[in-house]
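Student: This is a predicted model, with the sequence first.
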Amino acid sequence: MQISLRERNILILAVIIAVVFAATSIYPALTDVYQGREQTLEQLQLDIEREQRLIANTADWRERRVAVELAMAELETQTFDGETIPIIEANIQRELSLHARESQITVASTRLAETLETDGWLLISQEMSYRTIDAANTVNFLQKLEQALPRLRVIDFNVNRSRNQYSGSITVAGFTRSEGLLSDEAKER
């Protein structure tokens, strides 16, 4: 079968149109698919690396969480509990008197507790005057305060000796969270 010159020119033109069509339509579509596939692979690689870092950091975060929980538990044992400020003040005064009695120290007087609130915490200070016949009792008393739980911190201390007796005063501070305590007391007034 013979192709005429006219048919041959039409075929050549059809091939040229097909090549131009392929170059302008099919090739860009194929390159878009290829680039999309490359981007997907890069994103998957980044996701895998991020997941691997998270898995590696999981142990560190667990250790940090355990450390924070232990610190919180220790902090809870060092602070006073109570539903109102007067109850907490009474608890501090009771602890102070108990340690004094255990150390053979006589409580001469106590002043009203003073309260200071800052950053969600209450500092309650309690002053007590005392007497004892042995200086070792005072040392024992200070050691008991240092080991006390909830923690009582000595913020002021003085002692005087007169003949056969020691007398002095001590101011201790106890801490508690102020969550709701101040607003409840303000409502009561």
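Tutor: Good, I have the coordinates. Here the structure is a predicted model, which is why all the values come from computation and not from measurement.
Student: per the record, what domains does the chain have?
Tutor: 1-78, 85-188 (automatic domain parsing).
Student: can I have stretch 165-174 written out in CSV, keeping just the CAs?
Tutor: Taking Å, rounded to 0.1, in the frame of the first residue of the first chain, the C-alpha atoms of stretch 165-174 are listed here in CSV:
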residue,chain,number,x,y,z
GLN,A,165,17.4,29.3,133.6
TYR,A,166,17.4,30.0,129.8
SER,A,167,14.7,32.0,128.2
GLY,A,168,14.2,33.2,124.7
SER,A,169,11.9,33.5,121.8
ILE,A,170,11.6,31.8,118.5
THR,A,171,9.7,32.6,115.3
VAL,A,172,9.0,29.8,112.9
ALA,A,173,7.3,29.9,109.5
GLY,A,174,5.1,27.3,107.9
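Student: Could you list the residues in contact with that stretch?
Tutor: With contacts defined as CB atoms under 8 Å, 6 or more residues apart in numbering, stretch 165-174 is touched by 79-80, 88, 91-92, 95-96, 108, 123-135, 137-138, 145, 150-160. (C-beta placed from N, C-alpha, C; glycine too.)
Student: Quick one, which of the residues you listed are buried?
Tutor: Buried members of the contacts of stretch 165-174, scored by 16 or more other CB atoms under 10 Å, are 79-80, 88, 91-92, 95-96, 123-128, 130, 132, 137-138, 145, 150-152.
Student: about what we covered before: next step: the contacts of stretch 165-174 restricted to strands.
Tutor: 108, 123-132, 153-160 (DSSP state E).
Student: Give the residue spans of this structure that score low on pLDDT.
Tutor: Flagging of the chain using pLDDT under 70 yields the residue ranges 1, 180-189.
Student: what about the helices in it?
Tutor: Under the criterion DSSP state H, the chain carries helices at the ranges 5-21, 27-78, 85-102, 135-147, 181-188.
Student: Just want the angle from the fourth one to helix 85-102.
Tutor: Between the axis of helix 135-147 and that of helix 85-102 there is an angle of 140 degrees, by axes from the mean of the first three to the mean of the last three CA atoms, to 10 degrees.
Student: what packs against helix 135-147?
Tutor: helix 85-102, strand 121-132, strand 153-162, strand 165-177 (3 or more CB pairs under 8 Å, 6 or more residues apart in numbering; DSSP states H and E).
Student: Buried residues in the longest one, which are they?
Tutor: This means helix 85-102. So helix 85-102, judged by 16+ other CB under 10 Å, has buried residues Ile85, Ile88, Glu89, Asn91, Ile92, Gln93, Glu95, Leu96, Ser97, His99, Ala100.
Student: From Glu74, how far out is the residue nearest to the spatial centre of the chain?
Tutor: Taking CA atoms, centre = their mean, the centroid of the chain lies closest to Val68, which sits 6.5 Å from it. Separation of Val68 from Glu74 (CB to CB, to the nearest Å) stands at 11 Å.
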